[in-house]
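J.: Everything below, folded, please.
(chains A and B)
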Amino acid sequence: MKSEVKITGNRLQITRVFDAPRERLFAAWKQKDLLQRWTGCKETKKVEIEMDFQVGGSFTQKMNIAGVGEHSITGIYDEIIEPEKISYHVNLGSATTRVTVEFIEQGKQTKVVLTQDGFPDPNLCKMVSQGTEEALDKLEQLLVGQMA
Amino acid sequence: MLNAVVNKQNRMTVVFAALADPTRRRIVERVSEHGAIRVTALAKPFRISLPAISRHLRVLENARLIHRQRKGRLHLIGARAAGLQAAQKWIAQCAAHWDSQFDALDELLKSEADEEAKP
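T.: Numbering: from 1, shown residues only, chains lettered A, B, ... in the order given. The predicted model follows:
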């Protein structure tokens, strides 16, 4: 786990410093061809993305996940402040997942702060992944007592 | 396989929908602190009616975050640790998911930098 993780109640905040300028990080979220290259986990065999990158615009990520099959999620962009912030939500029946990504300049580096609440996460990948158990055990030890 | 995954996700949707409400989150906190507590005692700090509290309790019961013990007319509310642990585990899985996504993003940024460095 290279990211810093903070959990309060039903909110997750995950922070990572990247060795790249802010514009480049923002572009990795904004441009379909770039987003397609890093989105989806190890189990994802293929990702197809359609996106209308503007406030009120929607996006669809169609993933082909090993052991699960086709799975797609559709979300809507709520806030876009280039190159500082992107906020979107995904409706999942009775729950809505909200994700906010903030890009903070730190000299030549960029700190990315991702906040998510209103789970569950639409990504099914980790449900079928076996490889991360060790990381999860460590995380769970960290989390004991933080939820209640 | 897919069914098991979807069922688990549906169950977690119920848990997180229950936890999405601030009053219900406070009820869970209060129950966790007190162990078994009477409904009337539990309701005391909340500025809402007893029937409203009862509705919240039903949602939490349904999500398996609390349990109700009946002793005659007395209803005792207790916490169900397993429900909260499942929620925690789910968030931990999401954190691990984003972490691996960030690894992939990092790789992409490095490969971009390498391409630019070429003459």
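J.: how much space between A:Trp38 and A:Leu25?
T.: Here A:Trp38 is placed at a distance of 11 Å from A:Leu25 (Cβ to Cβ, to the nearest Å). Bear in mind the C-beta positions are built from the backbone N, C-alpha and C, glycine included.
J.: Those two: which has the busier surroundings?
T.: The residue with more neighbours, out of A:Trp38 and A:Leu25 and counting by other Cβ atoms under 10 Å in any protein chain shown, is A:Leu25; that gives 22 against 18.
J.: Skip the chain neighbours and tell me the closest residue to that one.
T.: Distance criterion Cβ to Cβ, 6 or more residues apart in numbering or on different chains; nearest residue to A:Leu25, sequence neighbours excluded, is A:Thr110 at 4.8 Å.
J.: what does A:Val99 give?
T.: A:Val99 sits nearest to A:Gln116 (Cβ to Cβ, 6+ apart), 4.9 Å away.
J.: Tell me if that neighbour really is in a strand.
T.: Yes - in this structure, A:Gln116 lies within a strand as judged by DSSP: H, G, I helix; E, B strand; the rest coil.
J.: Bridged to it, which residues?
T.: When bridges are called by DSSP bridges, A:Gln116 pairs up with A:Leu12, A:Val99.
J.: circling back to that earlier point, overlap in contacts, A:Trp38 and A:Leu25.
T.: With contacts taken as Cβ atoms under 8 Å, 6 or more residues apart in numbering or on different chains, A:Trp38 and A:Leu25 have B:Leu105 as neighbours in common.
J.: what's residue 84 sitting at in phi/psi?
T.: Since no chain was named, I'll use chain A. Dihedral pair for A:Glu84: phi -100, psi -40, per degrees, to the nearest 10.
J.: How confident was the prediction at the closest residue to it other than its chain neighbours?
T.: Across the structure, with Cβ to Cβ, 6+ apart as the measure, the residue nearest A:Glu84 apart from its sequence neighbours is A:Phe103 (5.8 Å). Model confidence at A:Phe103, given as pLDDT, is 97.
J.: again with B:Lys118
T.: According to the predicted model, the pLDDT of B:Lys118 comes to 67.
J.: Counting neighbours, what do you get for the residue nearest to A:Val99?
T.: Using other Cβ under 10 Å, the number of residues around A:Gln116 comes to 20.
J.: What of A:Glu70?
T.: Applying other Cβ under 10 Å, we find 11 residues neighbouring A:Glu70.
J.: One more: A:Glu50?
T.: Summarising burial for A:Glu50: neighbours were counted as other Cβ under 10 Å, giving 12.
J.: On the three-state scheme, it is what?
T.: strand.
J.: and the closest residue to it other than its chain neighbours, what helix or strand is that in?
T.: Counting by Cβ to Cβ, 6+ apart, A:Thr60 is the residue found nearest to A:Glu50 once chain neighbours are left out, at 4.8 Å. Using DSSP states H and E, A:Thr60 falls within strand A:58-65.
J.: what's the pLDDT at the residue nearest to A:Gly75 when sequence neighbours are not counted?
T.: Distances taken as Cβ to Cβ, 6+ apart put A:Val90 closest to A:Gly75, at 4.1 Å, once the chain neighbours are dropped. Per-residue confidence (pLDDT) for A:Val90: 86.
J.: what's the burial count for B:Ala17?
T.: Using other Cβ under 10 Å, B:Ala17 has 21 other residues around it.
J.: any idea which element it lies in?
T.: Following DSSP H and E, one finds B:Ala17 within helix B:2-19.
J.: returning to what we had before: the residue nearest to A:Glu50 and chain B, how far apart?
T.: Summarising the geometry, the distance separating A:Thr60 from chain B, computed by Cβ to the nearest Cβ, to the nearest Å, is 18 Å.
J.: Quick check, that residue in contact with A:Ile49.
T.: Yes - between A:Thr60 and A:Ile49 a contact is recorded at 7.1 Å, counting by Cβ atoms under 8 Å.
J.: Can you report how many residues lie near B:Ser100?
T.: Using other Cβ under 10 Å, the number of residues around B:Ser100 comes to 22.
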